[in-house]
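**Student:** sharing a sequence plus its predicted fold:
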Amino acid sequence: MREQTWSLSEDLSTPVLAVAVVLLLLWLVFLVFELKNRERFGVGIAVSGLVAAILLGATLLRPAHVTQKGSVVGSKVTVLVDASRRLSLPDGELTRRQRAEQAVQSIEQHFEHARLELSAFGENGIRPYARQGQVGDFSSESDLVRALEALAESPGERPRAVVVVSDGRFSQPAPGLTDDALRRLVNRLGVPVHTVNVATQVPKDASVRGVRAAGAAVAHQPLAVTVEIGCHELDCAAIPVTIREMLRGEEAALLAEGVAKVRDGRATVELPIVLDRAGPRVVEVAIGAPSGDEVPENDRRLITFNVTRDRIRLLHVAGRPTYDVRALRMWLMADSSVDLVAFFILRTKENNSMSDDSEMALIPFPVDELFTEHLPSFDAIVLQDIDAEEYQLSRHLTSIEAYVRAGGGLIMVGGPASFIGGNYAGTRLEQVLPVALDPSEEPFGLEEFTPRYTAAGLAASVLRPLRALLGVSLPPMPGSNTLGPAQDGALVLWEHPTRVNDSVPMPVLALREVGDGRSIALGVDGTHLLAFSQQAVSTAGRGYGALWEGLLGWLMRDPRYEAGSVELVQPCFPGHPTRLRLVPLTAEKARVQVELTKLGRHGEKPIIKESSSPGDGQPIEVDLGQLEVGAYTAKARIGAAPPGRLDFACEQGGEAWQDSRPDPTRLERIAELTKGRAVAVDDIKSLPTPPETQVSVERHVHPIMPPWLWALGATLALGVHWILRRRGGLT
């Protein structure tokens, strides 16, 4: 395409050009007035004055010929495709995402002469569009407002039109906005926004529309959970609602249940729940949908609550007030973050008198109430030098075992009446201890010894505060309990330097995670020497607090005492790869093992995934594969350190599927307010196409005459005009 035009000087600003034109016009006005006073040569004066004005103007404005060669290209059109997981919902024989792909193909054919830019939008602006069969990053939300803001702020050429492909159920703009507010949000580009509705059917569906909690989740305290339920084209007069906690190695525990009364397709029910364990806890909220529900996947939501603690509630039960028992009790009482319930049981069956218990004790020991009714209210139990048979605890050991598997903590501290000496061998409690117990062995060894760190003990964060104070040296201990070999999944942190189990050093301090809970076995009753001994003088006795703070911290899953942080790279969805990110606390090469177990099932076998740490301290990613719908717990062990744990949920659609209804009305309003058009997938051909855009390729500027020649002509014309003025009688 070739085009010729002319232009004025391009080195003068617009205000200068305007001033020059005004002065020339004033020249001509004065010339007209002077012609009224001339005596002769009127025509010569007029012609010479006009020619002088034109030549003087040309001298200032310097007109030129412009030759321009260019081409015409199609206008830029941006297509925004909704990348929310909501588009995975079925729509007849296809899914909404498949209909969106059909819409994209039709748009490409209809706008074949335009320059199409295909993008996807979700919760974080825009990104390249992934076609069917390609790996795409699907979102839980569809934020159209942020996508349009990203287009408006991006450098380069603006689009002449935008085409939005969606079902209209946006997270932003929110429903219920006024026309003015909606126009401000979606009309930032100032171009038409056309909309294509990919949903052809409205499913019959009852779903959990939302789950809200009033405040933060605190262990042992009631939490009000509000469940919002939606129902469309089904008989939903009364819908049962249940809330259950998903446990490791156990069936899900029922927390609350109720009935929602549906009115006008909506219902809200508030149910109180109590979560007894801190940390991430996965809770299932489910409804009993009526028959005919076409989207049963959204009848159930898996919600992760990060449960905190107000205070650690601890039960400390001891058989006699030894130095070690008194030291631990005094340390626990001095910690304001610990809510301590402590008992010394001084009477046994042998020294029992015929008197009533109320006459022999100021406060009767409520053993039955503590280990049955009130047991779940405690975060951990400390059993220290107490005989299960003599003090009538044997009948409650099954309850304590179940308590640990359900998420409780247990520490058994040594002494002559602990472990084998306390008649715990062969009981249900032994099954959750970190060590095995052989009733044929001597319960206690009296020889003095100094515990020795194992490789796991040197790597464990739980003992890091103690190692920082004392290094690897420990005070001599007055005897040790006889402990068997470590049970499956247990880690030995201290071992005996001389006593062995089948040529393996005997454990002295061991940790274990069993079910949802954790347990510790400490086979000595001399830890008070970390506070009161010759060695303790150098640290002012701080070693005792460092040891017990670490043990209790690990038992309560304090992040400071875990092997490292464990997190998901991105939310888990079935059919998509799930990756776990581990952040080690040390820069050491080590073997990485992840044990993945499904929650809420009894006897579920774990899946083992292995990797390695390069030793640079950088995060490690472990591929867990494609998981099924459900709740999971991942125990990650780096080297010999105790494992870290993460509980997480894997949902089919999650939050994106909680409302399966399309919203064509919102698509129509967006198109109307931006002067666009709202169509269905089959009617894309009716969308208007923007005009073509001209792109300049070459531009040449040729002056009509050189500037000096214009100036010479203007000078001669002014001279002639002056002479004629003089002869015409004008001064």
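**Tutor:** Everything's here; your move. This structure is a prediction, so every number in the text was calculated from the model and none was measured.

**Student:** quick one: end-to-end length of stretch 551-564, please.
**Tutor:** 16 Å (CA to CA, to the nearest Å).

**Student:** sorry, wrong one. I was asking about stretch 164-175.
**Tutor:** End-to-end distance (CA to CA), stretch 164-175: 17 Å.

**Student:** buried stuff in that stretch?
**Tutor:** By neighbour count, with 16 or more other CB atoms under 10 Å as the criterion, the buried positions of stretch 164-175 are 164-173. C-beta coordinates here come from the backbone N, C-alpha and C atoms, glycine included.

**Student:** and those, which is closest to Y129?
**Tutor:** The closest of those to Y129 turns out to be V165 (CB to CB; 9.5 Å).

**Student:** surely A147 forms part of a helix?
**Tutor:** Yes: under DSSP: H, G, I helix; E, B strand; the rest coil, A147 falls within a helix.

**Student:** on that earlier part again, pipe the buried residues of stretch 164-175 into TSV and attach pLDDT, secondary structure and distance to K204 per row.
**Tutor:** Below are the buried residues of stretch 164-175 laid out as TSV (pLDDT from 0 to 100; DSSP: H, G, I helix; E, B strand; the rest coil; distance: CB to CB, whole Å):
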residue	pLDDT	secondary structure	distance to K204
V164	96	strand	27
V165	96	strand	25
S166	96	strand	22
D167	95	coil	16
G168	94	coil	19
R169	93	coil	17
F170	93	coil	23
S171	91	coil	24
Q172	91	strand	28
P173	91	coil	27
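
**Student:** just the closest of those residues to A521, please.
**Tutor:** When the buried residues of stretch 164-175 are compared against A521 (criterion: CB to CB), the nearest one is S171, at 50.7 Å.

**Student:** who's in contact with that closest one?
**Tutor:** 84, 123, 141-143 (CB atoms under 8 Å, 6 or more residues apart in numbering).

**Student:** give me the neighbour count for the nearest residue to it once chain neighbours are set aside.
**Tutor:** Leaving aside its sequence neighbours, S171 sits nearest to E141 (CB to CB, 6 or more residues apart in numbering; 3.9 Å). Residues lying near E141 (other CB atoms under 10 Å) number 18.

**Student:** same deal with G553?
**Tutor:** Neighbours of G553 (other CB under 10 Å): 18.

**Student:** and the next helix or strand past the helix or strand encompassing it?
**Tutor:** According to DSSP states H and E, G553 maps onto helix 542-555. Following helix 542-555 in sequence order, the next helix or strand is strand 564-568 (DSSP H and E).

**Student:** just checking, what packs against that following strand?
**Tutor:** Where contact means 3 or more CB pairs under 8 Å, 6 or more residues apart in numbering; DSSP states H and E, strand 564-568 is packed against strand 577-584, strand 630-638, strand 644-650.

**Student:** what's it in contact with?
**Tutor:** Identification of contacts with strand 564-568 by CB under 8 Å, 6+ apart yields 559, 578-585, 634, 636, 638, 641, 644-646, 648.

**Student:** in its sheet, what does that strand sit against?
**Tutor:** strand 577-584 (antiparallel) (DSSP bridges).

**Student:** okay, the angle between the partner strand and strand 644-650?
**Tutor:** 160 degrees (axes from the mean of the first three to the mean of the last three CA atoms, to 10 degrees).

**Student:** list the contacts of strand 577-584.
**Tutor:** With contact meaning CB under 8 Å, 6+ apart, strand 577-584 is reached by 563-570, 572, 590, 592, 594, 613, 617, 619-627, 634, 636, 638, 644, 646, 650.

**Student:** isn't there a helix covering Y391?
**Tutor:** No: applying three-state DSSP, one finds Y391 to be coil, outside a helix.

**Student:** now do the helices in the stretch 401-550 of the chain.
**Tutor:** 455-459, 464-470, 542-555 (DSSP state H, counting those that start in this stretch).

**Student:** the chain now?
**Tutor:** 14-35, 42-61, 96-110, 144-153, 179-186, 323-334, 357-360, 367-370, 397-405, 455-459, 464-470, 542-555, 664-673, 707-727 (DSSP state H).

**Student:** re earlier: need the buried residues of stretch 164-175 in CSV (columns: distance to T322).
**Tutor:** Shown next, in CSV, are those (distance: CB to CB, whole Å):
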residue, distance to T322
V164, 75
V165, 75
S166, 71
D167, 70
G168, 72
R169, 67
F170, 67
S171, 62
Q172, 65
P173, 69
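
**Student:** residue contacts, R512?
**Tutor:** 432-434, 486-487, 489-491, 518-521.

**Student:** compare the helices of the chain and say which comes out lowest on pLDDT.
**Tutor:** Among those, helix 357-360 has the lowest mean pLDDT, at a mean of 47.
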